[in-house]
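Okay, here's the prediction I keep looking at, along with the sequence it came from:
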Amino acid sequence: MPRTHKKYDLKLPSQSDNLSIVREFVSNVASKVGFDNDDISKIELAVDEACANVIKHAYGQNSGELIEVSIKIDKQKMIVVVTDKGRGFDPKNVKLPNMEDYLSEMRVGGLGIYLIETLMDKVDFEIKPGIRNKVKMIKYLDKDTPADKNASN
C-alpha cells in the first residue's frame, strides 16, 4: 500500500476506441495500489461507464474533445475523477432503474450512473455545463475498517 499521496493523469480524445486505454490505465494503477481482482474490475467498469457517458452524452460523439482521467491514491482509498467540458446533466433527475422491470423489458443502455454508484463506494458529481463537469468516484482499500464514506476528499 502506498504511504504517501500519489497522482496519475490521463488526457485523451473522446473516442470510444480509447476506452480500452482508460480501462488499462485504471486497472494498472488499481493493481499497483493493492486492490484485489474483483475491486479492480469494479473500478475499471465504473470508470469505463463514466467515460462512455462523456463520449455519448456530454460530447455527442464529437471526437475532437478531451476526456481527463485523474487518479489520486493514499493509504485508505483510490479517487478517480473523470472531467469533461461538454453538456451537463442534473444527477438528481437521473432515476435509478427498477432492475426487475429493466430486465423483463430487455432494455439496453441507461445503466451507466446506476452501475457507477453500485460499483464504487462513493460518487459525487460537480456539473457546470460547457465549463467543467466532474464525476468523482472513490473506492476504499480496507473493507474491514469503518470509513467515513461521507467525508469528501
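Looks like it arrived, so ask away. Numbering: from 1, shown residues only.

And for the nearest residue to residue 23 once chain neighbours are set aside, the neighbour number?
Among residues not flanking residue 23 along the chain, residue 44 sits closest, at 5.0 Å (CB to CB, 6 or more residues apart in numbering). Where C-beta positions appear, they are placed from N, C-alpha and C, glycine not excepted. The burial count assigned to residue 44 is 20, neighbours taken as other CB atoms under 10 Å.

Residue 27 is in contact with residue 44, correct?
Yes - the pair formed by residue 44 and residue 27 meets the contact definition of CB atoms under 8 Å, at 5.0 Å.

With just CA atoms, put the longest helix seen in the chain into PDB.
Secondary structure of the chain per DSSP state H: the longest helix is helix 37-53. What follows is helix 37-53 as a C-alpha-only set of coordinates in PDB (Å, rounded to 0.1, in the frame of the first residue of the first chain):
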ATOM      1  CA  ASN A  37      -9.100  -8.600  -8.900                       C
ATOM      2  CA  ASP A  38     -12.800  -8.100  -8.000                       C
ATOM      3  CA  ASP A  39     -12.400  -4.500  -7.000                       C
ATOM      4  CA  ILE A  40     -10.100  -3.800  -9.900                       C
ATOM      5  CA  SER A  41     -12.900  -5.000 -12.300                       C
ATOM      6  CA  LYS A  42     -15.400  -2.800 -10.400                       C
ATOM      7  CA  ILE A  43     -13.300   0.300 -10.700                       C
ATOM      8  CA  GLU A  44     -12.500  -0.400 -14.300                       C
ATOM      9  CA  LEU A  45     -16.200  -0.800 -15.200                       C
ATOM     10  CA  ALA A  46     -17.300   2.300 -13.300                       C
ATOM     11  CA  VAL A  47     -14.700   4.500 -15.000                       C
ATOM     12  CA  ASP A  48     -15.400   3.000 -18.400                       C
ATOM     13  CA  GLU A  49     -19.100   3.800 -17.900                       C
ATOM     14  CA  ALA A  50     -18.300   7.400 -16.800                       C
ATOM     15  CA  CYS A  51     -16.100   7.900 -19.900                       C
ATOM     16  CA  ALA A  52     -18.600   6.300 -22.200                       C
ATOM     17  CA  ASN A  53     -21.300   8.700 -20.800                       C
END
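
Heading C-terminal from the lowest-mean-pLDDT helix or strand in the chain, find the next helix or strand.
In the chain, no helix or strand scores lower on mean pLDDT, DSSP states H and E than helix 99-104, which sits at a mean of 54. Note on helix 99-104: by DSSP states H and E, the next helix or strand toward the C-terminus is helix 112-119.
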